[in-house]
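>>> pasting the sequence and the predicted model now:
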Amino acid sequence: MEKIKIKVNRTKDGYDVDALFENGKSMKIPPDFGIPHDANGKDAFLEREKGQIVRVRIEEKEYMKRSQPQYNQKEKVQNPKSAKTKNIEEQSQQTQSEARAPYNFVPLNDIVVQAPELPDFDKYYLDRYTGFIEIELATVTPLYIRRESESSEFFSIDGKPKIPGSSLRGMVRTLVEIVSYGKFKSFEDKRLYFRGLADKSKSFKEYYQERIKNVKAGFLNYDEVNDEYFIIPGEFESFSDVSREFCYEFAENKDESENKDEYTCKVWSGKMKDKHNNWKVKCRNDNEDKNIKLTKYDIRDYENDENRRLPSKNAKVLDLLSLARNKTKFPKGVPIFYSTYKDINCKDRIAFGHTRYFRFPYGHSIEDKILPKDLIEAAFMDFTEAIFGIENAYATRVFFEDLELLEDSQDAFLEKTSPKILSSPKPTTFQHYLEQPKGNQGKLNHWDSDGTKIRGYKLYWHRNTSDNPKDLNSWSEEEIKGDTQHTTITPIKPGIKFKGRIRFENLSSEELGVLLFVLMLPENHYHKLGMGKSLGLGSVKITPELFITDRSERYKSLFDNDNWALGLGVSPQNLDPLVKAFEKYILKKLNLHQTLNLWDVDRLKELKVMLNWEKTQMPDWLEKTRYMNITPQNEFKNRPVLPKPTELV
């Protein structure tokens, strides 16, 4: 075997892997060898037969073409034939069923735990706690929090960089909701859209084909007087010209004898692989009684489809509603395809799109998949509501101050750079966002599957990515002149410290305990904050100290020299008894009396592994937690399922 060095190069379409020989020459390693991207710069060995690469060995692991087995050099293979068959099957299973992503999910809780008895707001209680938690926050990876929506500068007040209390509050609130078994409020309820004409999941493909089989065609028009949209029904037929990008071509009636009430339009829906036909839509507008009015719900659902785009390189959003209002370009309406159906409440509805196989709305919304329903509908207050309040109903008892920079601001920042642009999977990627059956790739749960529920709280993995844009897994991008898609940011360096306070009033020992529980993480477990979490930004280490106000001392004297007498303890308080009080309360509600540590509960094990910084030291960690690619190979094609956090080892 020949000694080489692996060189991984990022290209416009993905990645290339080269073998660099000791004589200075290089040779491209085919992508079907599956060389991991984080092998860049590693020493390796290469074997060739008749000039072609047949095997690459990196740190005692061998890589061959995907049709051949890969095995560890240390393992003895007793039966090469059976080992090859087993390896191919395992590799095929992994390709089909396991996904990767920089995020994962903490499962929903099965019950909602009610908060302890709530206090009145008109007095302080001797058996409750008032004071503050002093927070020291140290950045572990670069941190970026935008000052305002149109600015690339880090959040600051009067030129001084700060971590806004609102950012810290949002993070803490979510963790409190998770660990206290609270109601699930972290979602935006809407219906999603889908298309699955040739999907790899058989059940999903059949479901789409059933919904789309009765599609009709017509022209969408807009009634300015009544502010309504309506469809003039028609008919359609296919034609074989597929040479053009998306466009409309209306037929002109040049013969005076032709029927003026009948008109046609050819619709080219765009160039796509293996496509054979486009469509001609024809209709008459001489019978208004047959016109179909669209309801506000039909219009709303169409507008809510965020992934509705043209099949073109610039991927512009197509809006049929806007086209229908354009009387100059579409005086007789814009051609559409539509289908009638009944929604989850058995109401008659209409779905429509610009192609024969358009994106169809699911019957269920996101809220329908939040189970059990107590997660939304429980009549009592949970810990999160009791501590953080309910808008227009119950006031908060915690107040998050901005965290102040402890360093010289001139030395706290990295150079201005552009973060990489990533296209993350959306909730329509149901194999990630919904719970899935094990070992049945052909019957994946989608948003209309009975009894399925969402995966839970979406959190991001810690990723120790490089600042150098030339590195393969860097979070930053080299500047591209004339590129309007990239933005510029100036993040805080790793190792920079901030300090601030969380003030609280009238909290019970359990309520104060849950705040301390989510702030005082186990050793080498960190929080995530700010923007760019999927890129590896925003990992922070928080160290809390507790100070309790002595209420009796506070009111013995109003002044301390020239300042208010706050009646504060002279030293930090012990956090452990309060944390234990919270854990004991939750474990009792869960009937887990024998469990001493809340982190040992299966559901919170998933959270704990998501917060574990030591995972970043695992081999291939950046490869295991990257977004999947569409090019050069479509890794979404077989709808691989995202494993649980504890299954990613």
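Thanks, I have the structure now.

>>> find the nearest non-adjacent residue to residue 547, please.
The spatial neighbour of residue 547 that comes closest, neighbours along the chain excluded (CB to CB, 6 or more residues apart in numbering), is residue 131 at 4.9 Å. Every C-beta, even on glycine, is put in place using the N, C-alpha and C of the backbone.

>>> am I right that the one you found is in contact with residue 550?
No - at 9.0 Å, residue 131 does not count as touching residue 550 under the criterion of CB atoms under 8 Å.

>>> who has more neighbours, those two?
residue 131 (23 against 15; other CB atoms under 10 Å).

>>> quickly list what the more buried one is bridged to.
Taking DSSP bridges as the rule, residue 131 bridges to residue 504, residue 548.

>>> how close does it sit to residue 396?
16 Å (CB to CB, to the nearest Å).

>>> now residue 133
15 Å.

>>> tell me which of the two has more neighbours.
When neighbours are counted by other CB under 10 Å, residue 133 and residue 396 differ, and residue 133 comes out ahead with 25 against 16.

>>> in a helix, that one, correct?
No - according to DSSP: H, G, I helix; E, B strand; the rest coil, the state of residue 133 is strand, so it is not within a helix.

>>> check contacts around it.
501, 502, 504, 515, 516, 519, 544, 545, 546, 547 (CB atoms under 8 Å, 6 or more residues apart in numbering).

>>> if we use 6 Å, what do you get?
For residue 133, the contact set (CB atoms under 6 Å, 6 or more residues apart in numbering) comprises 502, 544, 546.

>>> switch those residues over to TSV; also include distance to residue 530.
Formatted as TSV, the contacts of residue 133 follow (distance: CB to CB, whole Å):
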residue	distance to residue 530
502	18
544	19
546	25
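
>>> state the pLDDT value of the residue nearest to residue 547.
Residue 131 is assigned 94 on the pLDDT scale.

>>> going forward, count from 51.
I'll keep to 51 as the first residue from here, and by that count the last item is residue 181.

>>> I figured it hits residue 598, correct?
Yes - applying CB atoms under 6 Å as the test, residue 181 and residue 598 come out as touching, 4.2 Å apart.

>>> what residues does stretch 282-293 touch?
Contact with stretch 282-293 is made by 267-269, 325, 327, 329-333, 335, 340-341, as judged by CB under 6 Å, 6+ apart.

>>> how far is it from where the chain is centred?
Remark: stretch 282-293 is offset 38 Å from the chain centroid, using CA atoms, centre = their mean, to the nearest Å.

>>> cool, and stretch 320-339?
36 Å.

>>> pull out the buried residues from that stretch.
For stretch 320-339, a neighbour-count test (16 or more other CB atoms under 10 Å) marks 320, 328, 329, 330, 331, 332, 333, 335 as buried.

>>> do stretch 93-107 as well
Those would be 94, 96, 103, 105, 106, for stretch 93-107 by 16+ other CB under 10 Å.

>>> and the next helix or strand past the host helix or strand of the first one?
In this structure, residue 94 is located in strand 93-99 according to DSSP states H and E. If you walk from strand 93-99 toward the C-terminus, the next helix or strand you reach (DSSP H and E) is strand 102-108.

>>> could you list every helix and strand that that next one packs against?
Applying 3 or more CB pairs under 6 Å, 6 or more residues apart in numbering; DSSP states H and E, we find strand 102-108 packed against strand 93-99.

>>> which strands or helices does the strand it packs on pack on?
strand 52-61, strand 102-108.

>>> residue 544: neighbouring residues, count only.
Quick note: residue 544 (other CB under 10 Å) scores 16 neighbours.

>>> got a list of what it touches?
Here residue 544 is in contact with 189, 190, 191 (criterion: CB under 6 Å, 6+ apart).

>>> again, but for residue 71
When contacts are taken as CB under 6 Å, 6+ apart, residue 71 is in contact with residue 54.

>>> relative to residue 58, how far out is it?
Distance from residue 71 to residue 58, by CB to CB: 16 Å.

>>> which residue is the nearest non-sequential neighbour of residue 90?
residue 58 is the one closest to residue 90 (CB to CB, 6+ apart), at 3.9 Å.

>>> pretty sure that neighbour contacts residue 520?
No - at 11.3 Å, residue 58 does not count as touching residue 520 under the criterion of CB under 6 Å.

>>> now do the helices in the stretch 151-300 of the chain.
Counting by DSSP state H, counting those that start in this stretch, the segments of the stretch 151-300 of the chain that form helices are 215-229, 252-262.

>>> what helices or strands is the longest one leaning on?
To tie it back to what came earlier, the one meant is helix 215-229. Counting by 3+ CB pairs under 6 Å, 6+ apart, helix 215-229 packs on helix 433-438, strand 448-450, helix 559-569.

>>> how about the ones you listed in a markdown table, adding distance to residue 159?
Shown next, in a markdown table, are the helices and strands packed on helix 215-229 (distance: least, CB to CB, whole Å):
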| stretch | distance to residue 159 |
| --- | --- |
| helix 433-438 | 12 |
| strand 448-450 | 22 |
| helix 559-569 | 14 |
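
>>> CSV for these, including distance to residue 414 and mean pLDDT?
Formatted as CSV, the helices and strands packed on helix 215-229 follow (distance: least, CB to CB, whole Å; pLDDT from 0 to 100):
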stretch, distance to residue 414, mean pLDDT
helix 433-438, 26, 97
strand 448-450, 36, 97
helix 559-569, 32, 98
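
>>> counting neighbours, what do you get for residue 504?
Count around residue 504 with other CB under 10 Å applied: 23.

>>> beta partners for it?
With DSSP bridges as the rule, residue 504 is bridged to residue 484.

>>> do I have it right that it meets residue 419?
Yes - counting by CB under 6 Å, residue 504 touches residue 419, with 4.9 Å between them.

>>> hmm, back to that, do you know which of the helices and strands packed on strand 93-99 lies nearest residue 77?
Distance to residue 77, taken as CB to CB, is lowest for strand 102-108 among the helices and strands packed on strand 93-99, at 6.9 Å.

>>> quick check: next helix or strand after the closest one?
Using DSSP H and E, the first helix or strand after strand 102-108 is strand 111-113.

>>> do a quick rundown of the strands in the stretch 301-450 of the chain.
Secondary structure of the stretch 301-450 of the chain, counting by DSSP state E, counting those that start in this stretch: strands at 312-318, 328-334, 342-343, 384-392, 398-403, 410-415, 448-450.

>>> do you know how far residue 403 is from residue 384?
For residue 403, the distance to residue 384 - CB to CB - is 11 Å.

>>> hmm, I was thinking of residue 634
Per CB to CB, residue 634 is found 64 Å from residue 384.

>>> likewise for residue 247?
Taking CB to CB, one finds residue 247 at 23 Å from residue 384.

>>> lowest-scoring secondary structure element of this protein by mean pLDDT?
Least confident helix or strand, the chain: helix 130-147 with a mean of 42, by mean pLDDT, DSSP states H and E.

>>> now do the strands in the stretch 551-699 of the chain.
Under DSSP E, counting those that start in this stretch, the stretch 551-699 of the chain gives strands at 577-578, 589-598, 609-610, 613-614.
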